[in-house]
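> this one's structure only:
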Ligand SMILES: C[S@@+](CC[C@H](N)C(=O)[O-])C[C@H]1O[C@@H](n2cnc3c(N)ncnc32)[C@H](O)[C@@H]1O
């Protein structure tokens, strides 16, 4: 069901030497430790520049420091320090005293770009206080904010859902997935917890016979409605938005495919086992489930991005990233055929897709 791509099993990944790097790394040195220790300064510089609209201010052309500061309404000396730091980080260039966008900055950091990553950068910036409470999470084992998927404050919901959309569009996950997941035999697909619908839009573009539904929480659907109207009005008649809480009761009616991207990592193990059973019941016989997430190897240290991301999940959810073995166990208990796992090419991706058929 996944086409034109090599199926990677965890044991192959282990043999390739890429797995378990966190626990087996031998090339750590002073420079790398110091870079990790100070990484917050670089992240904060980029987040602040994005919030201030610094990259948008340079989109029309180069500016010297004073002109840039005036455009942002900021102090001139301070702005020069930030812009110089961004030059040092190779995000900007500096030529004859003027700041210029680098190629990647123009592509990913200017709000009008179709590959704008700013939604994700702003969301990360808004989680600054949560990261400051990591020690508390370590001591209690509990999230440091209500694990409410940002549903209680409309501004927070909007920032969260725009972040998902922005990351997936900038990195290209949805286009890659639509090109490799074979949906030729499915008539209906559900993007469960589909958020902004970024994946569903690409599935419907790739498969013109397909109808799609997003099953998600009401506050998220409000944002999804706006995003779909902006981005894919031509597909709107083929998409239904349904308010569904997958934790509560049965999922709606039978469909041919269920897609879950970045869902299981926010939930604990019993909830995921329950969710797999609900998906099995929601599928027609012969239907497929496709789960896209960081899929960890048995050491739980690779992919590295997944191991680090689990700390964010500790802060904000009841979940973590899970291994292929764990996911396969839930799927088997729910009645699915043995699953297959496919790793997306890394870089830029760090996730995999697990697929299984419901007989
Ligand atoms: C991390 S986002 C992933 C969005 C999208 N699938 C993607 O990968 O870009 C998690 C999504 O799950 C939704 N969600 C969380 N809990 C849910 C629940 N109990 N029932 C339905 N949707 C839920 C959130 O509203 C959000 O859209």
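Happy to help now that I have it. A quick note: this is a predicted structure, and the numbers were derived from the prediction, not measured. Numbering: from 1, shown residues only.

> okay, CA-based contacts and neighbour counts for the rest of this
Will do.

> all strands for the stretch 101-250 of the chain, in order.
Counting by DSSP state E, counting those that start in this stretch, the stretch 101-250 of the chain has strands at residues 188-192, 211-216, 239-243.

> What pairs with the first one, parallel or antiparallel?
Here the strand partners of strand 188-192, with direction, are listed using DSSP bridges: strand 211-216 (parallel), strand 255-261 (parallel).

> about what we covered before: can you tell me which of the strands of the stretch 101-250 of the chain is most buried?
Across those, the average number of neighbours (mean count of other CA atoms under 10 Å) peaks for strand 188-192, which reaches a mean of 24.

> Direction-wise, compare the top strand by length along the chain with strand 255-261 and give the angle.
Within the chain, and with DSSP state E defining each element, the longest strand by residue count is strand 283-293. The directions of strand 283-293 and strand 255-261 differ by 10 degrees, with axes from the mean of the first three to the mean of the last three CA atoms, to 10 degrees as the criterion.

> Tell me if strand 283-293 is near the ligand.
No - using CA under 6 Å from any ligand atom, strand 283-293 never reaches the ligand; the gap is at least 7.8 Å.

> I'd like to know which elements that strand is packed against.
Counting contacts by 3 or more CA pairs under 8 Å, 6 or more residues apart in numbering; DSSP states H and E, strand 283-293 is packed against strand 255-261, strand 352-357.

> just to revisit the earlier point, using a markdown table, please lay out the strands paired with strand 188-192 together with distance to residue 241.
As requested, these are exported to a markdown table (distance: least, CA to CA, whole Å):
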| stretch | distance to residue 241 |
| --- | --- |
| strand 211-216 | 5 |
| strand 255-261 | 14 |
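
> Let's have these in a markdown table, adding mean pLDDT and distance to the ligand.
Converted to a markdown table, the strands paired with strand 188-192 look like this (pLDDT from 0 to 100; distance: least, CA to the nearest ligand atom, whole Å):
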| stretch | mean pLDDT | distance to the ligand |
| --- | --- | --- |
| strand 211-216 | 98 | 4 |
| strand 255-261 | 98 | 4 |
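
> Mind putting the strands of the stretch 101-250 of the chain into a markdown table with distance to residue 278?
What follows is the strands of the stretch 101-250 of the chain, written out as a markdown table (distance: least, CA to CA, whole Å):
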| stretch | distance to residue 278 |
| --- | --- |
| strand 188-192 | 11 |
| strand 211-216 | 13 |
| strand 239-243 | 16 |
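
> Those strands: which one's closest to residue 117?
The closest approach between residue 117 and any of the strands of the stretch 101-250 of the chain, judged by CA to CA, belongs to strand 188-192 at 22.1 Å.

> In terms of pLDDT, where does the residue lying farthest from the centre of the chain sit?
Of all residues in the chain, the one whose C-alpha sits farthest from the chain's mean C-alpha position, using CA atoms, centre = their mean, is residue 96 at 38.6 Å. Residue-level confidence at residue 96 comes out at 94, pLDDT.

> what about it, distance to residue 53?
Taking CA to CA, to the nearest Å as the measure, residue 96 and residue 53 are separated by 22 Å.

> And for residue 61?
According to CA to CA, residue 61 stands 14 Å off from residue 53.

> Point out where this structure drops to low pLDDT.
1-26 (pLDDT under 70).

> Per the annotation, how does it divide into domains?
With automatic domain parsing serving as the domain definition, the record reports that the chain contains domains spanning 10-16+173-357, 54-110.

> quick one: the last one to chain centroid distance?
The chain centroid and the centroid of domain 54-110 are separated by 28 Å, computed with CA atoms, centre = their mean, to the nearest Å.

> before we move on, what about stretch 306-324?
Between the centre of stretch 306-324 and the centre of its chain there are 12 Å (CA atoms, centre = their mean).

> and the stretch 201-350 of the chain, which residues reach the ligand?
If contacts are counted using CA under 6 Å from any ligand atom, the residues of the stretch 201-350 of the chain sitting beside the ligand are 216, 217, 220, 244, 245, 246, 247, 261, 262, 263.

> What number of residues are in the vicinity of the residue nearest to the fifth one when sequence neighbours are not counted?
Pointing back at residue 245 there. Excluding its sequence neighbours, the residue lying closest to residue 245 (CA to CA, 6 or more residues apart in numbering) is residue 217, at 6.0 Å. Look at residue 217: counted by other CA atoms under 10 Å, it has 19 neighbours.

> And for the one 4 residues further on?
Here the number of neighbours of residue 221 (other CA under 10 Å) works out to 24.

> distance of it from residue 331?
Using CA to CA, one obtains 27 Å as the distance from residue 221 to residue 331.

> same check, this time on residue 125
Distance, residue 125 to residue 331, using CA to CA: 36 Å.

> Would you mind telling me which of the two has the busier surroundings?
Applying other CA under 10 Å to residue 125 and residue 331 shows that residue 331 carries more neighbours, namely 28 against 18.

> Quick one: classify the more buried one as helix, strand or coil.
The three-state assignment at residue 331 reads helix, by DSSP: H, G, I helix; E, B strand; the rest coil.

> List the residues that contact the closest residue in space to it that isn't next to it in sequence.
The shortest distance from residue 331 to any residue other than its chain neighbours is 6.0 Å, reached at residue 276 (CA to CA, 6+ apart). By CA atoms under 8 Å, 6 or more residues apart in numbering, residue 276 lies in contact with 330, 331, 334.
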